[in-house]
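J.: Below: sequence and its predicted model.
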Amino acid sequence: MLTVRIQSPSQGTKRMTLSSSDKINTFLDKIQKEFGLGDIGWSLYKEHDKKEEIRTSRSKSLSSYNIRHGDMLFLLEDTNKNRFDHVPTESGYSSSESVKSGLPPDVAVIEDRVDQVLEKMDGRIERSRNEQLCRHGPSGKCFNCVPLEPFDEAYLKNADPPIKFLSFHSYIRKLTAGVDKGKFAILENLSCKVKSGCTSHLPWPEGICTKCQPNAVTLNRQKYRHIDNVMFENPFLVERFLNYWRTSGNQRIGFLYGKYEVHKDIPLGIKATVAAIYEPPQIGATNSIELLDDDKQHIVNQVANRLGLQKVGWIFTDLVPQDLTKGTVKHCRGNIDSHFLSAEECIMAGNYQNRHPNPCKLSPDGHFGSKFATVVVTGDKDNQIHFEGYQVSDQCMALVQDDCLVPTTDVPELGYVKESSNEQYVPDVFYKYKDQYGNEVSQLGRPLPVEYLLVDFTAAFPKEPLFTFKAGSVNKPFPLENRAAVGEVQDFNAFSAYMQQFQLEDYFKALSDFHVLIYLASCDMLPLKDKLGPLLESLKTDDEGIFHQWSKSEEWATVEQLLQAHAPSPPPRESSFVGPHAAPLPPIGANASQMWICKHCTFHNTVIGANCEMCGLPQV
């Protein structure tokens, strides 16, 4: 037996015990497995200067290359070759961006635009010179006025109002602020599943070992949040959404479409600006909602993407009227006798967040957490309609994704961690609380208070209303989707009536409505389903020139002809009744100053002329 040292620039030196009779191909396979290498992209040499490459062979043994006990061999990677396998370093990470993400090196993680902007920002909190404590000139800096890091706890605690959670990019800056500059920083997604491919035993439930068994989970309150605020562009958006509840008394769900932007009031913060609310097919009741399959969802997403928007969250109502004369609602959430989100709502929020992961370069999977927001419309302590924003933690997302968490039947604020069965292994989930003596006690999550899984943020409106869609404030807006239950139907008659409010030169404003665009993109009767590209581009860039060019197309000309055909006809002319022995009344709508009475036949002429329209005699 002999011991050989293998030196790698990225993973350091490792020792391997071999036999001199081992074949070269077996030796190289062991190196590949030990270093986690791919099939191509690396070579093994006897010398550091790439001399005497050891090539794979089934016939040659180690002795043929004169490899002896204690020899040093050099493993070098060829970065010019295309590699599709992760090459970890000794501690599991690499300084290169693609290898750090754990993805194929030639597949880069494309983060959201707002993440790219925040990554380039300095993020430090500027402080002005303190006249009492600073003893330097105006251009100098000292301990009392030097800029603070965005994760400074004292600043966040003393802010007005206090900032409860770090923004996600502040959390990343905290991870990468050490001497190593984040060289060993990594964001791992929690997994509660048994690792597949373990050859030490039979698969579950016949066997399990420490290699494939998921670790027990201890729930901790998340110190950061992926989104810090949800801002609705204008009250008109939410008023139309709430009108369904005001009309029917039933609850409602909608999806929020908008953009992620930099939130200037939070260090390195992110806000979701909502430009439209889409209501999917659903059956609502006073205390429940059932979502139905939506055949138009892919069309809605396509239209939103062409407009530069994306699905940023979901909103639902939980409103119970208190006094109809005053317009007040009951305060049924967030008080001492109630809950913030029920376990069922947390599971639904976790499901949506798993469907919309957040791209992240620091994660081996290429994604970490989610920016998808949950907004609840309910009553506040003053019994007024109030908006509350939530997200579930990354730990909750993992529990939901691996089907470990279920709601309880009798207490809405309690969830329940499933027990292991023959079909599924579920790790133990613990949470900590303080007992009556102030001691911290661990408790198994059966049941589990869902408040350990929540992260909250504000949901509000700007001081000055914003309108991505210019037609948002018309007197008679276009009906919303899936509201036939309250008499709102999207059909061509509704579209024609809506367009009649606008002059021809205002059609650009008329079509600047998210719900009108969805109708045009999904209506089989109109020839516009595949011809909306220029229109959507003109609305995205606010360029009327592109719209006017598109409006000259044959497809839009056909729609205009249909609109003219459906235009309401003018009201019929009312007849004039003249009683017996009464003077004849002038025709309705005639101008008295332009009339003259024929002295021969007493006919009232409306057209100025020399002769009477009735008898033809001249005017005297």
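T.: Cool, got the structure.
J.: phi, psi of the residue positioned nearest the centre of the chain?
T.: Residue closest to the average C-alpha location in the chain (Cα atoms, centre = their mean): Val312, at 2.7 Å. Val312 adopts backbone torsions of phi -110, psi -10, taken as degrees, to the nearest 10.
J.: now do Phe316
T.: Given degrees, to the nearest 10, the pair of backbone angles that Phe316 has is phi -150, psi 160.
J.: residue contacts, it?
T.: Gln251, Arg252, Ile253, Gly254, Ile289, Glu345, Val375, Val376, Val377 (Cβ atoms under 8 Å, 6 or more residues apart in numbering). C-betas here are computed from N, CA, C, even on glycine.
J.: number of nearby residues for the last one?
T.: Okay, so that is Val377. Val377 has 22 neighbours, counted by other Cβ atoms under 10 Å.
J.: in a helix, that's where it is, yeah?
T.: No. Read with DSSP: H, G, I helix; E, B strand; the rest coil, Val377 is strand and lies in no helix.
J.: thinking it is in contact with Val320, fair?
T.: No. Taking Cβ atoms under 8 Å as the definition, Val377 is not a contact partner of Val320, at 11.7 Å.
J.: gap between the residue lying closest to Leu319 once chain neighbours are set aside and Val429?
T.: Take Leu319 and drop its neighbours on the chain: the residue closest to it by Cβ to Cβ, 6 or more residues apart in numbering is Val329, 5.1 Å away. Distance of Val329 to Val429, given as Cβ to Cβ, to the nearest Å: 35 Å.
J.: can you check Val114 too?
T.: 33 Å.
J.: of those two, who's got more company?
T.: Val429 (24 against 20).
J.: how about the more buried one, phi and psi?
T.: phi -120, psi 120.
J.: From Cys404, how far out is it?
T.: Taking Cβ to Cβ, one finds Val429 at 7 Å from Cys404.
J.: what do these two both touch?
T.: Shared contacts of Val429 and Cys404 (Cβ under 8 Å, 6+ apart): Val417.
J.: Show the end-to-end separation of stretch 338-347, please.
T.: This stretch, stretch 338-347, spans 18 Å end to end (Cα to Cα, to the nearest Å).
J.: Which residues belonging to it are considered buried?
T.: If you call a residue buried by 16 or more other Cβ atoms under 10 Å, then stretch 338-347 has these buried ones: His339, Phe340, Leu341, Ser342, Ala343, Glu345, Cys346, Ile347.
J.: Name the surrounding residues that touch that stretch.
T.: Here stretch 338-347 has contacts from 316, 332-334, 349, 374, 376, 388, 390, 392, 396, 400, 405-408, 412-416, 448, 450-451, 453-454, 456, using Cβ under 8 Å, 6+ apart.
J.: now those: which count as buried?
T.: 316, 333-334, 349, 374, 376, 388, 390, 392, 396, 400, 405, 407-408, 412-416, 448, 450, 453-454, 456.
J.: Among the residues you listed, which ones are in strands?
T.: Counting by DSSP state E, the part of the buried ones among the contacts of stretch 338-347 found in strands is 316, 374, 376, 388, 390, 392, 405, 407, 414-416, 448, 454, 456.
J.: Report the two of these separated the most.
T.: Glu388 and Tyr416 (24.3 Å; Cβ to Cβ).
J.: Relative to Ile266, which of the buried residues of stretch 338-347 is nearest.
T.: Closest to Ile266, out of all of the buried residues of stretch 338-347 and judged by Cβ to Cβ, is Phe340, at 20.7 Å.
J.: just to revisit the earlier point, and the residue nearest to the centre of the chain, what does it touch?
T.: Val230, Leu256, Tyr257, Gly258, Lys259, Tyr260, Ala272, Val274, Lys371, Phe372, Ala373.
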